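> next come a sequence and a model predicted from it.
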Amino acid sequence: MAEGAQIFNFDQILEAKCGTSIAVQDDAAVTINLIGDSLKEPFWPQGTGVNRGILGVFDAVFMLCQAAGKDLTEDRVRQALVAERELLQTQCFRADTPYEKDGIMVRFQAKAVRGSSVKQGSFTLDPKTRYQAVKHGLRQRSSTA
């Protein structure tokens with residue numbers, strides 16, 4: 001039997017080897033951060049694209065906050081920041097579901113803001129609020145990150 005046209009091919013899911021690059025030229029540095037579908041191709045049946053997109057944004061902004069005030073022209077500083085982002089990227093890739101029972105994500109909790117009808121989520125830029133491995137100290141932080 002001949003195969004028909006395939007609209008979606010889930011045989012291979014492509015992912016970036018590194019989600020962050022820091023380029024230096026003339027004593028100036030620029031960071032390049034992949035997030036969402038550019039970081040790892042989503043698997044639509046699981047709905048992982050938007051989940052990883054949001055987590056990737058949080059991870060990239062956390063790394064940029066860690067970079068603030070540091071001399072990004074120094075190799076060791078750049079390497080430490082990229083290594084930290086790669087650890088977070090690994091957790092993001094493993095987070096196929098947003099459920100605590102899978103052992104990857106910390107449970108998301110919405111809390112009412114006092115004196116307002118607005119609710120605030122429990123996830124912040126700090127990866128400990130999102131990833132269990134980071135929350136429980138399984139992350140190895142470098143002295144420069």
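The structure has been received and is ready for your questions.

> name the helix or strand for the closest residue to Arg78 other than its chain neighbours, please.
Using C-beta to C-beta, 6 or more residues apart in numbering and skipping the chain neighbours, the partner closest in space to Arg78 is Ile22 (4.5 Å). Every residue, glycine included, has its C-beta placed from N, CA and C. Here Ile22, judged by DSSP states H and E, is contained in strand 20-25.

> that older thread, who touches the residue nearest to Arg78 in this structure?
Going by C-beta atoms under 8 Å, 6 or more residues apart in numbering, Ile22 touches 29-32, 67, 72, 78, 81-82.

> the same query, at a cut-off of 7 Å, please.
Counting by C-beta atoms under 7 Å, 6 or more residues apart in numbering, Ile22 makes contact with 29, 31, 72, 78, 81-82.

> with Ile35 instead?
Ile35 neighbours (C-beta under 7 Å, 6+ apart): 53, 56-57, 60.

> could you pull out the strands for this protein?
20-25, 28-33, 110-112, 119-121 (DSSP state E).

> TSV for these, including distance to Gln132 and mean pLDDT?
Listed next are those as TSV, based on distance: least, C-beta to C-beta, whole Å; pLDDT from 0 to 100:
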stretch	distance to Gln132	mean pLDDT
strand 20-25	22	92
strand 28-33	23	91
strand 110-112	19	80
strand 119-121	17	76
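
> where in the protein is pLDDT low?
1-11, 42-49, 96-103, 136-145 (pLDDT under 70).

> can you tell me how far the spatially most central residue of it is from Gln25?
Nearest to the mean C-alpha position of the chain, counting by C-alpha atoms, centre = their mean, stands Gly56 at 3.3 Å. Separation of Gly56 from Gln25 (C-beta to C-beta, to the nearest Å): 26 Å.

> which among the contacts of Ile35 end up buried?
53, 56, 60 (16 or more other C-beta atoms under 10 Å).
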